[in-house]
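Visitor: missing the sequence, but the structure's below:
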RNA sequence: UCAGAUGGCUGGAUGGCCGCCCCGCCGCGUCCCCCGUGGACCGGCGGGGAGGAAAGUCCGGGCUCCACGGAAACACGGUGCCGGAUAACGUCCGGCGGGGGCGACCCUAGGGAAAGUGCCACAGAAAGCAAACCGCCCGUCCGCCGGUCUUCGGACCGCGCCGACGGGUAAGGGUGAAAGGGUGCGGUAAGAGCGCACCGCCCCCCUGGCGACAGGGGGGGCACGGUAAACCCCACCGGGAGCAAGACGGAGUAGGAGCGGCCGGCCCAGCCCUUCGGGGCGGGGGCCAGGCGUGUUUUCGCGCCGCCGCUCGGGUAGGUCGCGCGAGGCGUCCGGCGACGGACGUCCCAGAUGAAUGGCCAUCCAUCGUGUCCGGGUCCGCCCGGACGCGGGGACAGAACCCGGCUUACAGGCCAUCUGACGCU
RNA sequence: GCCGCCGUAGCUCAGGGGUAGAGCACACCCUUGGUAAGGGUGGGGUCGGGUGUUCAAUUCACCCCGGCGGCA
């Protein structure tokens, strides 16, 4: 369990919390650890899990926390290979737009594709992901009631908002 | 024009914003070291980036490791008309036989049932080797009926009837998927290839063809039912595993350790005890035996190895290579009916590994639904064509070592050749 | 990547060429004051789908679909 790749990426960008693209989780063990963290938010288009990066504890307290890390999972329940790949790509595109600026450094995230992922409007995925990133790391003192799914608008009815990509890289 | 057959091609286009993977070049850029024509990162520029099925994993190969000495026999699996193509094939091409269609054309697991075994339910007399039920016919006998004669006891006669026995027969009845060649005429006591004609079958010969086979002639009254995608026989083919193969380097608490129980022999190292005679322990090593593996067995060769239980500990799709010049793509010409082969020229064209090749949007195009208008037709139900508006809407599907096939999925579009029907000239 | 097994009534399963069956469940009847148990009667099947072999296919062959499992 070397933490060399994480540390090498941290020192290059001097700025912290926003950062750029998160590192990818690729080991099965990482996925199991994040799933075991019991922090998850369910939305219509995806499930978001989160857990603190265990490498943080080995660093000195005043060191820079590593950039957030992210992994994707689409099981066979989502569909055949074409459907799974498309679901993962849409989630990755959404994460590229939302994670810089909203993901917390020193945390690991896992995005799980669902059968409804490809049916959701992309703008809805962006909104849900931004809200889920806030909720997944907040204190779990309150009971795990239903998330704010009361909006309940049919995904097709989304207005034709022009200009969804509003991120601009500095 | 309509209907159809076959073969082939294609598998949305353009643009905008933001991204991904690989390769190459560049940089007063940052870092690392065994200081260089080095490596990693960052930035810029340029190039490339899913399919006809990438799928199912049903076959055939390349490649890699194991067994590689072999073999023989036995198994097991596969293939199965003939000739060719090919690296090879269960694939493809060209033919043959059989079946279907008016035709273009399509389908065809198509060796052997007189080597043997099994099965053929129900029905039926009988389901395989010849027989036999009901019938039909002949003969004998008993009885009845009718007739003739009579010495009244009976005798004789009958396309006559019933029954029994002996014999002939397989046409008819009926069952079945299938019943001992079929149809017709003759023939007969009744019948029957019993005889004859045609068709079918078997055997022999001739001709053509490399061959499957085809054509012709002669002979035989005809004997051999089906099933081999039942066992089987014959011929041919097949060593096993698979890139998670395999190779390299690194780390390492790994290649196991401990305890207990059990199991062959001999020898040696070693350890312990010793009264110096010796005794005990002894998978640490060797030999034999034994076990396991090499598909099975045998001769023989090779490799590996104590067994069981409990406890403890670690690893198990981490890195690099394999991994992209190949039975390669494209074009022209030549040979071949064709599959395909040859020559020349030209091109370098995906290499990911929680897995890149994309996300979002706009316009156009193919196309579908619906509405309005115009033109034409009308059997007044509507139909055809065009324009415009609105809405829907991109088929099947994602490389995972690589090729050749097969199979399966697929919105639509295009091209070529051919067939049939109708109309016109 | 390679390999194997399964699919039959609502559920669990037999049947391996000729009539599709068992147990539980379901419906009705008997029994009981009533229920359960018990007894009796009955309904319910494209045998996962297709093509073929055969006189005849749930069974045999091939191709698909779905599910489960194993190895490295």
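Guide: Received, thanks. Since the structure is predicted, the reported quantities are computational estimates derived from the model, not experimental observations.
Visitor: elements contacting the helix or strand encompassing residue A:136?
Guide: Counting by DSSP states H and E, the element that carries residue A:136 is helix A:122-137. Here helix A:122-137 is seen to pack against strand A:39-42, strand A:46-52, helix A:81-98, strand A:107-113 when contacts are counted using 3 or more C-beta pairs under 8 Å, 6 or more residues apart in numbering; DSSP states H and E. Just so you know, the C-beta spots here come from the backbone N, C-alpha and C atoms, and that holds for glycine as well.
Visitor: Tell me if stretch A:83-93 is near RNA strand B.
Guide: Yes. For a cut-off given as C-beta under 7 Å from any atom of the strand, stretch A:83-93 has contacts with RNA strand B, namely A:85-86, A:88-90, A:93.
Visitor: Return the member of those residues nearest to residue A:112.
Guide: Using C-beta to C-beta, residue A:88 is the member of the residues of stretch A:83-93 next to RNA strand B that sits closest to residue A:112, with 10.0 Å.
Visitor: What is the burial count for residue A:122?
Guide: Counted by other C-beta atoms under 10 Å, the residues lying close to residue A:122 total 15.
Visitor: That one touches residue A:89, doesn't it?
Guide: No. If you go by C-beta atoms under 8 Å, residue A:122 and residue A:89 don't touch, sitting 11.3 Å apart.
Visitor: So what sits opposite residue A:41 in the bridge?
Guide: On DSSP bridges, the residues paired with residue A:41 through beta bridges are residue A:48.
Visitor: who's in contact with the residue nearest to residue A:52 when sequence neighbours are not counted?
Guide: Nearest non-adjacent residue to residue A:52, counting by C-beta to C-beta, 6 or more residues apart in numbering: residue A:107, 5.7 Å away. Neighbouring residues of residue A:107 by C-beta atoms under 8 Å, 6 or more residues apart in numbering: A:50-53, A:68-69, A:137.
Visitor: how near is residue A:107 to residue A:77?
Guide: If you measure residue A:107 against residue A:77 using C-beta to C-beta, to the nearest Å, the figure is 26 Å.
Visitor: With residue A:37 instead?
Guide: 22 Å.
Visitor: Let me know the average pLDDT across stretch A:135-151.
Guide: The predicted model gives stretch A:135-151 an average pLDDT of 51.
Visitor: likewise stretch A:49-67?
Guide: 68.
Visitor: sorry, back to before: more neighbours: residue A:37 and residue A:77, which one.
Guide: Between residue A:37 and residue A:77, counted using other C-beta under 10 Å, residue A:37 has the larger neighbour count: 15 against 9.
Visitor: Excluding covalently adjacent residues, which one is nearest to that one?
Guide: The nearest residue in space to residue A:37 (C-beta to C-beta, 6+ apart) is residue A:51, at 3.2 Å.
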